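A.B. asks: fold the stuff below for me.
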Amino acid sequence: MRKIKQSFFIIVLLLLCSKSALADHLEKISSACDLKTLDGKPALALQELKGKVVYMDFWASWCPPCVKSFPFLNQLESDMKEHGLHVIGVNLDEKVKDAEEFLTKHPAHFSIVADPAKTCAKVLEVMAMPTSFIIDKKGNIRHVHQGFRPGETEELRALLAQLVMENP
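C.D. replies: All right, here's what the predicted structure looks like:
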C-alpha cells in the first residue's frame, strides 16, 4: 500500500512539474527563435502573440504532406482568425527560392516566416515534416502534432475551438 501511495505521489509530482515546464513556453521559444520574413527581415516576435491561440506549423517545400496541409491551414485561418487564432507557417528550406516556388504553387493565406538558422526548430526538437505546435492564449504549448493526415483535421479543429473559447 505504501508503494502505491509513493507511486501516486510521484505521478502527481511529475504531472505538476510537466505543467509548470510548459508554462510561459512561448516566452522561452520567442527568445530562442530568430524568425525572419522570406526576404530576410525580422518577423513578428512570437511573444507578441500572447493572448491569441497560435497554430505554428513547421514545413518545407520538399515535404509531400505539407502540400496537403496548406489548404487545411488556409481554412483554419479563414474560419478562426476572428476568434483569436493566428496560424504561422515556419519554413525550414535551405534556399528561400524553394519556399517561394512552393508558395507560388500552394499559396498561404496565413503568416509565413523562415527559420534560416533552424534555431527554433532545434529548440522545439522538430523531427518530422510538418510538425505543428498549438499554443494557448497564455503561451503554453498544449499540443504537438507530427505529420499531416486529413482524417485528423476534425480533432485538431475541436482542440482549437476549445482553446479559443478559454479565458486567458
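
A.B. asks: what segments of this protein are helices?
C.D. replies: Taking DSSP state H, the helices of the chain run over residues 2-22, 25-32, 64-80, 96-105, 119-123, 153-165.

A.B. asks: let's see the last one as CSV, backbone CA atoms only.
C.D. replies: It stands for helix 153-165. The C-alpha trace of helix 153-165 is given here as CSV (Å, rounded to 0.1, in the frame of the first residue of the first chain):
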residue,chain,number,x,y,z
THR,A,153,-8.2,17.6,-39.0
GLU,A,154,-11.5,17.4,-37.1
GLU,A,155,-9.7,16.5,-33.9
LEU,A,156,-7.3,19.5,-34.4
ARG,A,157,-10.3,21.8,-35.2
ALA,A,158,-12.0,20.7,-32.0
LEU,A,159,-8.9,21.3,-29.9
LEU,A,160,-8.5,24.8,-31.5
ALA,A,161,-12.2,25.6,-30.9
GLN,A,162,-11.8,24.7,-27.3
LEU,A,163,-8.7,26.8,-26.9
VAL,A,164,-10.1,30.0,-28.5
MET,A,165,-13.0,29.8,-26.1
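
A.B. asks: off-centre distance for it?
C.D. replies: Relative to its chain's centre, helix 153-165 lies at 14 Å (C-alpha atoms, centre = their mean, to the nearest Å).

A.B. asks: now it and helix 64-80, what's the angle there?
C.D. replies: With axes from the mean of the first three to the mean of the last three C-alpha atoms, to 10 degrees applied, the angle from helix 153-165 to helix 64-80 works out at 40 degrees.

A.B. asks: what's helix 153-165 in contact with?
C.D. replies: Helix 153-165 has contacts (C-beta atoms under 8 Å, 6 or more residues apart in numbering) with 53, 55, 72, 76, 80, 83-85, 132, 134, 136-137, 142-143, 145. All C-beta spots, glycine's among them, are computed from the backbone N, C-alpha and C.

A.B. asks: relative to Lys95, which of those is nearest.
C.D. replies: Using C-beta to C-beta, Ser132 comes nearest to Lys95 of those, at 23.1 Å.
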